[in-house]
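A.B. asks: what's the 3D shape of this:
(chains A and B)
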Amino acid sequence: MRIFDSRAKEKVEFKPIKDNEVRIYVCGPTVYDDAHLGHARSAIAFDILRRTLKALGYRVLFMKNFTDIDDKIIKKMQDSGKSLKEITKYYIQRYLEDMDALGVQRADIEPKATENIDAMIAMIEKLLEKDCAYKIPNGDIYFDTSKDEKYCSLSKKCDEEQLSRIEPNPHKKNPADFALWKACKEKDYCFDAPFGKGRPGWHIECSAMINRHLAYHDMPYQIDIHAGGADLFFPHHENEAAQTRCATSQELAKYWMHNGFVTISGEKMSKSLGNSFFIKDALRVYDGEVLRFYLLSTHYRSPLNFNEEDLLQAKKRLDKLYRLKKRIYPIQNTPKANEFQKAILEALSDDLNISKALAVMDNFIAQANENLDQNPKDKALKKEIASNIASLTEIIGIGGKDPFSYFQQGIDEETKQKIEELIQRRSEAKKAKDFTKADAIRQELLDMGIALMDTPQGTLWEKI
RNA sequence: GGCGCCAUAGCCAAGUGGCUAAGGCAGGAGCCUGCAAAGCUCUGAUCCCCGGUUCGAAUCCGGGUGGCGCCUCCA
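C.D. replies: Just a heads-up that it's a prediction; the model follows:
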């Protein structure tokens, strides 16, 4: 496995810290609003990383956090009159629903910031003790970046001119210093701590939770891979790395991975630009797996410009997989470590080269269709095809649904019955060689958005 | 202003020093079909521009042009 390490800025050979085990931490969402397509893309990208590593034989421990205490949540709390817990519980639930719909596997560990305040306090105390942090007059506690010799070794983005753009604070010792703890203010949401009532800054949670739930404590690195959106590279990840280094004398992660953005009309999707596209809204129109497939079909580090036409193109490609699955119905099988799986894994082993993997898939589909044309009743062949589809489901998370319902998404029972009836009538007309009538019925269905296909298995239909 | 990324056929998208530049969508031709659909086969680009390095570059270097991102909450 080769991955692009953001710190090295190049592809490097992946070697786990210990044996065959891989520990991965992905920065999860701040739960003050519904998740948008950017969250979806990040989640899917690292879901495939996880699945690939598993398929390659690694034991993977995967952790993704929920930031459930933060300025924006507090603002929402103040504006809505709801409790912090009510708000965060609601959005965590909705996030998980979205991820399920997108076929993103649940993390092994899903810690919440508010349930790990003690770990953060312990780490801050350690930093104070080591003189890597200091308190300013209003009670805030800052991390002293000058105490970390390796500050900026991750992002390499910290020359003085850049740091001069950071909002000046006369109490900070260095421009890049950042808040570990924010002293309690009026109408705030606070926790008790030995160094004063307050709440954690944003960066400390990841370091503290990794240290508690996921880290090796007897190795130079705490975890294997730390991943997240490209916007987190600096300052978030730089700061996390610095804290952990100072508090534990270990490096936080051996490898760092960052995914590219989803853009809309070429611009980054973000709340402040008002161009976010919520996953929930997309799911009202498109099947979750279609959305997943679309978002995963561009390499994870490239920007992906969201576009409905491209999404529909992607759907047509996925349709072909499900049509093949229809042809072998109802035969199923489990994944096999055959040439096909090997080729998929080989593609993904090159920094998740999904395009190459999908090209392997397309070739397989074409070959399988041809073989089925020649040997429509070959059960061993069908078993083999089923096994390959199962590999795709396991590694890429596609093709796992029932192929008939995949093509009938969003059609209610009543309509289904009507369709079946019309198909029946058309069959009778065909039998009577009344092709005019048969074609009229087919046209009627087409006007309803239903395409028919006469196959050896009978007349099948798909929603267009 | 600093740092960084990107530019490949109508569209999406791999490839990053060397046989005929993957794959998908759309288009065209054919096979199949009562006709279709689906499926299968065939079919398209010298890689933003200029200069350089090299026996050889889409691929490396320099300079342009265009687009984007980070440096502020952000996947």
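A.B. asks: quick one: buried residues of stretch A:188-207?
C.D. replies: For stretch A:188-207, a neighbour-count test (16 or more other CB atoms under 10 Å) marks A:189, A:191, A:193, A:195, A:198-207 as buried. All C-beta spots, glycine's among them, are computed from the backbone N, C-alpha and C.
A.B. asks: how about the strand or helix carrying A:Gln367, does it get close to RNA strand B?
C.D. replies: A:Gln367 belongs to helix A:354-374 when elements are defined using DSSP states H and E. Yes. Using CB under 7 Å from any atom of the strand, helix A:354-374 reaches RNA strand B at A:Ser355, A:Lys356, A:Leu358, A:Ala359, A:Asp362, A:Asn363, A:Ile365, A:Ala366, A:Asn369, A:Glu370, A:Asp373.
A.B. asks: still on that earlier bit, got the buried residues of stretch A:188-207 as TSV, with secondary structure and distance to RNA strand B columns?
C.D. replies: As requested, these are exported to TSV (DSSP: H, G, I helix; E, B strand; the rest coil; distance: CB to the nearest atom of the strand, whole Å):
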residue	secondary structure	distance to RNA strand B
A:Tyr189	coil	16
A:Phe191	strand	19
A:Ala193	coil	21
A:Phe195	coil	21
A:Gly198	strand	17
A:Arg199	strand	14
A:Pro200	strand	12
A:Gly201	coil	9
A:Trp202	coil	5
A:His203	coil	8
A:Ile204	helix	12
A:Glu205	helix	10
A:Cys206	helix	10
A:Ser207	helix	14
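A.B. asks: report all helices and strands that the helix holding A:Gln367 contacts.
C.D. replies: In terms of contacts (3 or more CB pairs under 8 Å, 6 or more residues apart in numbering; DSSP states H and E), helix A:354-374 is packed against helix A:308-327, helix A:339-348, helix A:379-395.
A.B. asks: closest one to A:Asp148 among those helices?
C.D. replies: Taking CB to CB, helix A:339-348 is the member of those nearest to A:Asp148, at 35.3 Å.
A.B. asks: about what we covered before: looking at the residues of helix A:354-374 next to RNA strand B, spot the one nearest A:Lys254.
C.D. replies: Closest approach to A:Lys254 among these (CB to CB): A:Lys356, at 25.3 Å.
A.B. asks: does the closest one touch A:Ala347 like I think?
C.D. replies: Yes. The criterion here is CB atoms under 8 Å, and A:Lys356 meets it with A:Ala347 at 3.7 Å.
A.B. asks: export the buried residues of stretch A:188-207 to TSV and tack on distance to A:Leu232 and pLDDT?
C.D. replies: Converted to TSV, the buried residues of stretch A:188-207 look like this (distance: CB to CB, whole Å; pLDDT from 0 to 100):
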residue	distance to A:Leu232	pLDDT
A:Tyr189	23	93
A:Phe191	24	96
A:Ala193	26	96
A:Phe195	27	95
A:Gly198	23	96
A:Arg199	20	96
A:Pro200	17	96
A:Gly201	15	94
A:Trp202	10	92
A:His203	10	95
A:Ile204	14	97
A:Glu205	13	96
A:Cys206	9	97
A:Ser207	13	97
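A.B. asks: quick one: low-confidence parts of the stretch 101-250 of chain A?
C.D. replies: For the stretch 101-250 of chain A, the stretches with pLDDT under 70 are A:159-168.
A.B. asks: could you pull out the helices for it?
C.D. replies: For the stretch 101-250 of chain A, the helices defined by DSSP state H, counting those that start in this stretch occupy A:117-129, A:160-163, A:204-213, A:238-248.
A.B. asks: where exactly do the strands run in the stretch 151-300 of chain A?
C.D. replies: Remark: strands assigned in the stretch 151-300 of chain A by DSSP state E, counting those that start in this stretch are A:178-183, A:198-200, A:221-229, A:251-259, A:262-264, A:267-268.
A.B. asks: and the residue in the stretch 101-250 of chain A that RNA strand B sits nearest to, how far is that from A:Met269?
C.D. replies: The nearest approach of the stretch 101-250 of chain A to RNA strand B comes at A:Gly229, 2.1 Å away (CB to the nearest atom of the strand). Distance, A:Gly229 to A:Met269, by CB to CB, to the nearest Å: 11 Å.
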